[in-house]
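Participant: Coordinates for the following, if possible.
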Amino acid sequence: MASATVTPQVSWAQRPRIVFVTINVSDVTNPEIKVEKDALIFKGTGGADHKVYEVNMKFLKEIDPEKTKYQVRPRCVEFALEKAEEGPYWERLLADKTKQHWLRIDFGKWKDEDDSDNEGGAAEGGGGGQGGDLEEMMKNMGGLGGGMGGMGGMGGMGGMPGMGGMGGMPGMGGMGGMPGMGGMGGMPPGMDMSALGGMMGKPGMDDLEGDSDDEDLPDLE
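Facilitator: Below is the predicted model:
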């Protein structure tokens, strides 16, 4: 193993037909996972320090790689490995009898062999209890071929609220009537009517008097 890699903490548990393996590395990116009939190889970058974690586990007995399921979670990577032969519990996880400091029992998933007799019935009947929990856990995991399930489509964005109608512009007030033009004032004092008459093109009073002298008026007597 290269000196640049770190062995992650691993926990495990088992049931009559399933072996659970949890690799405790948070925020794993681009994990490299290989499952063989008697081994599990994991490599990935993660943790707060973004180190490269790697582990190669050689199992005590065989599993079925085709039925292996796993899920990358925010704080760990979980595996559900189906045993090649359902039967008595394995004495240990690894073929090597040497105790590994990075491997421990996952008591949260562990179930005693004597209490697992009804696991199949509960699972097949869809009932609750440990069997139902196991089936639910398996449903949430993806196979090695399919990988993790696709994320659900994002909901459509809500329509934008309609804009309120713009208020009508107030009518412009009518323009006030033009003030009436005042009557023309009287003639200015001192103006000669005869001059006005000349201006207007009409004979003046003097002209009328002159003309009356020239006319032959009948004698009234």
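Participant: For stretch 28-40, which residues meet the burial criterion?
Facilitator: Buried positions in stretch 28-40, judged by neighbour count with 16 or more other Cβ atoms under 10 Å: 28, 31, 33, 35, 39, 40. All C-beta atoms are positioned from the backbone trio N, CA, C, and that covers glycine.
Participant: Tell me the predicted confidence for the closest residue to the first one other than its chain neighbours.
Facilitator: The shortest distance from residue 28 to any residue that is not its chain neighbour, by Cβ to Cβ, 6 or more residues apart in numbering, is 4.0 Å, and that residue is residue 46. Listed pLDDT for residue 46 reads 95.
Participant: just use 55 as the starting number from now, easier for me
Facilitator: All right, first residue 55 from here; so that's residue 100.
Participant: and residue 100, how many neighbours does it have?
Facilitator: Here the number of neighbours of residue 100 (other Cβ atoms under 10 Å) works out to 23.
Participant: Show me what it bridges to in the sheet.
Facilitator: residue 105 (DSSP bridges).
Participant: List the contacts of it.
Facilitator: Contacts for residue 100 (Cβ atoms under 8 Å, 6 or more residues apart in numbering) come out as 79, 80, 81, 82, 83, 107.
Participant: do that again at 6 Å, thanks
Facilitator: For residue 100, the contact set (Cβ atoms under 6 Å, 6 or more residues apart in numbering) comprises 79, 80, 81, 82.
Participant: Quick one: find the helix or strand in this protein with the lowest mean pLDDT.
Facilitator: Ranked by mean pLDDT, DSSP states H and E, the weakest helix or strand in the chain is helix 173-178, scoring a mean of 39.
Participant: Can you name the residues in contact with stretch 101-116?
Facilitator: 59-62, 79-80, 91-99, 138, 144, 146, 149.
Participant: quick check, nearest of the contacts of residue 100 to residue 165?
Facilitator: residue 79 (25.0 Å; Cβ to Cβ).
Participant: what about that closest one, how many neighbours?
Facilitator: Neighbours around residue 79, by other Cβ under 10 Å: 23.
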